[in-house]
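Got a predicted structure plus its sequence, pasted below:
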Amino acid sequence: MIIYCIYHKYLTMNKAQLIDAIASEANLTKADAKKALDAFITSTTGALKQGDRVALVGFGSFAVSSRSARTGRNPKTGSEMKIPAKKVVRFKAGSELADSVK
């Protein structure tokens with residue numbers, strides 16, 4: 001999550017801050033919030049490894065897609081190099097999330 005602060009700089013919320021926010025919002029202990037977040041991460045990772053899509057209605061969806069091989073440039077030397085194909089995780093924001101940050 002990104003927080004807009006007084007000095008107009010973007011800050012990144014780390015895992016500990018997210019656990020604190022979950023605990024506060026859901027009226028849980030920090031230990032229970034950490035267990036819930038870890039369970040979400042483990043479950044989502046497992047589903048994505050199997051090639052499944054994880055959709056949270058209103059929030060967004062996580063999916064694995066393939067990135068094809070391509071030719072790139074080494075920024076230091078300028079020489080061409082081959083970048084191999086790989087699988088990447090994609091997140092697409094749901095309409096409620098997208099509308100709330102407008």
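Perfect, I can see it now. Residues are numbered from 1 along each chain as shown.

can you tell me how far the most centrally placed residue in the chain sits from Gly46?
Residue closest to the average C-alpha location in the chain (Cα atoms, centre = their mean): Phe91, at 6.6 Å. Separation of Phe91 from Gly46 (Cβ to Cβ, to the nearest Å): 17 Å. All C-beta spots, glycine's among them, are computed from the backbone N, C-alpha and C.

for Arg73, same thing?
36 Å.

again with Ile22
Taking Cβ to Cβ, one finds Ile22 at 20 Å from Gly46.

do Val64 as well
Distance of Val64 to Gly46, given as Cβ to Cβ: 12 Å.

Give me the more crowded residue out of these two.
Per other Cβ atoms under 10 Å, whichever of Val64 and Gly46 has more neighbours is Val64, with 16 against 11.

Can you name the helix or strand that the more buried one falls in?
strand 60-67 (DSSP states H and E).

Which elements pack onto that strand?
helix 30-49, strand 54-56, strand 86-93 (3 or more Cβ pairs under 8 Å, 6 or more residues apart in numbering; DSSP states H and E).

Figure out which of those is closest to Lys15.
helix 30-49 (7.4 Å; Cβ to Cβ).

Go ahead and name everything in contact with that closest one.
15, 18-20, 22-23, 26, 28, 53-54, 62-64, 89 (Cβ atoms under 8 Å, 6 or more residues apart in numbering).

how about a markdown table for those, with pLDDT and distance to Glu80 added?
Formatted as a markdown table, these follow (pLDDT from 0 to 100; distance: Cβ to Cβ, whole Å):
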| residue | pLDDT | distance to Glu80 |
| --- | --- | --- |
| Lys15 | 94 | 39 |
| Leu18 | 94 | 41 |
| Ile19 | 95 | 45 |
| Asp20 | 94 | 47 |
| Ile22 | 95 | 46 |
| Ala23 | 96 | 50 |
| Ala26 | 95 | 51 |
| Leu28 | 96 | 52 |
| Arg53 | 97 | 35 |
| Val54 | 97 | 37 |
| Phe62 | 97 | 33 |
| Ala63 | 97 | 31 |
| Val64 | 97 | 28 |
| Val89 | 96 | 27 |
